[in-house]
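>>> Sharing a sequence plus its predicted fold:
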Amino acid sequence: MSKKKLLITEVFKKAEEESQRDTKNGLASYLWLYFKEDMGFDINDRSFSRYYDAYVIGNKEIRINPDRLDMLSEYLGYKNFDDFSGTFVKENNEVNKTTVKVSVDNDEESLTEKLSKIVINITNEQYFKIPDFLKKNGMGIVEMAFLVLLVTGGVVFSKDKKSTFGFASLWGTPATEKPYMYWDKDRYIASDSSYIGPQINMLPMKPEVFVYQKKITRPDTLTIENGDHKVWYDKTNNHVEFFTNYGMHPENGKALKIATRYIIETYAGTHPKEEFADN
């Protein structure tokens, strides 16, 4: 499979996951609007339809401008097409399998014809696997250790309204062991109760979401260096909110999108086009 075919296939695969659409025209329309509004780059829906016909359902090679290949790669989280071509690994069961063929000379003193070819499958298994949410959020050893402390009881979130985020002794009840959580302005709060009030949407505890999903209340501190493809955002009614992790918006339920360079330059930093207000 060529790198361009692999790129286009992955672009449409991601678009299908984000948009919940499964037709060529629907996906092409979604990608056109996304690239125009969220990445500041115009590729019309007819072009996306041609790419779909050539690379997704066909085996043609058509010309795609280098700048488009770079933006399509950026949509997938890569710096450019060269970065995609050099680092992308397709996620499937065949990736970690190496096939070795050993042929035996076909003479009278050799093994039988049925054993003339030996195929050995070597599967490379990772005995230590980092959770996807850690890899996608760029978490390192320190952050992983912090999560372990949270889960095992080293750090807890207090129920006291005066201290919703703090440290407690190792003998305290870990917040992530509480059965429920709810969103409170910019973070999730753990709870023992399934009902607090009519305006509070209680959810089952999800430790990775509870620990890592926070709203970024100071988007003016975001830069290309610390924000490009490292934070997520939602744009509703021309208002943009940034978050520390991927997933769903805690309030409107929309899927969060990865923040591109264009989004950071347009809606964050010290001179955004939009005035942010704490709601």
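Arrived safely.

>>> can you list the weak-confidence ranges in the stretch 151-279 of the chain?
Applying pLDDT under 70 to the stretch 151-279 of the chain flags the ranges 151-173, 271-279.

>>> How is the protein partitioned into domains?
Domain segmentation of the chain under automatic domain parsing yields 3-87, 132-212, 215-267.

>>> export the ones you listed to a markdown table and tack on mean neighbour count?
For glycine as for every other residue, the C-beta is placed from the backbone atoms N, C-alpha and C. As requested, the domains of the chain are arranged in a markdown table below (neighbours: other Cβ atoms under 10 Å):
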| stretch | mean neighbour count |
| --- | --- |
| domain 3-87 | 16 |
| domain 132-212 | 14 |
| domain 215-267 | 17 |
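
>>> Going by residue numbers, what spans are helices in this structure?
3-19, 24-38, 45-51, 66-75, 81-87, 132-136, 141-152, 207-212, 224-227, 261-267 (DSSP state H).

>>> what sits up against the shortest one?
So that's helix 224-227. Surrounding helix 224-227, the residues in contact under the criterion Cβ atoms under 8 Å, 6 or more residues apart in numbering are 242, 259, 261, 264-265, 268.

>>> Among those residues, which one lies nearest to Arg68?
The nearest member of the contacts of helix 224-227 to Arg68, counting by Cβ to Cβ, is Arg261 at 15.9 Å.

>>> Excluding residues flanking it in the chain, which one is nearest the closest one?
Excluding the flanking residues, the one nearest Arg261 by Cβ to Cβ, 6 or more residues apart in numbering is Asp228, at 4.9 Å.

>>> if I pick the one you found, what's in contact with it?
Per Cβ under 8 Å, 6+ apart, neighbours of Asp228: 259-261, 264.

>>> Now render the residues you listed as TSV, adding distance to Gly86.
What follows is those, written out as TSV (distance: Cβ to Cβ, whole Å):
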residue	distance to Gly86
Ala259	23
Thr260	20
Arg261	20
Ile264	24
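
>>> which one of those residues is nearest Lys3?
Once Cβ to Cβ is applied, the member of these that ends up nearest Lys3 is Thr260, at 21.2 Å.

>>> residues in contact with that closest one?
38-39, 74-75, 228-229.

>>> JSON lines please, covering those and showing distance to Asn201.
Output for the contacts of Thr260, formatted as JSON lines (distance: Cβ to Cβ, whole Å):
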{"residue": "Asp38", "distance to Asn201": "27"}
{"residue": "Met39", "distance to Asn201": "32"}
{"residue": "Glu74", "distance to Asn201": "34"}
{"residue": "Tyr75", "distance to Asn201": "31"}
{"residue": "Asp228", "distance to Asn201": "32"}
{"residue": "His229", "distance to Asn201": "30"}
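
>>> out of the residues you listed, which one sits closest to Val209?
Of the contacts of Thr260, the one sitting nearest to Val209 (Cβ to Cβ) turns out to be His229, at 20.1 Å.
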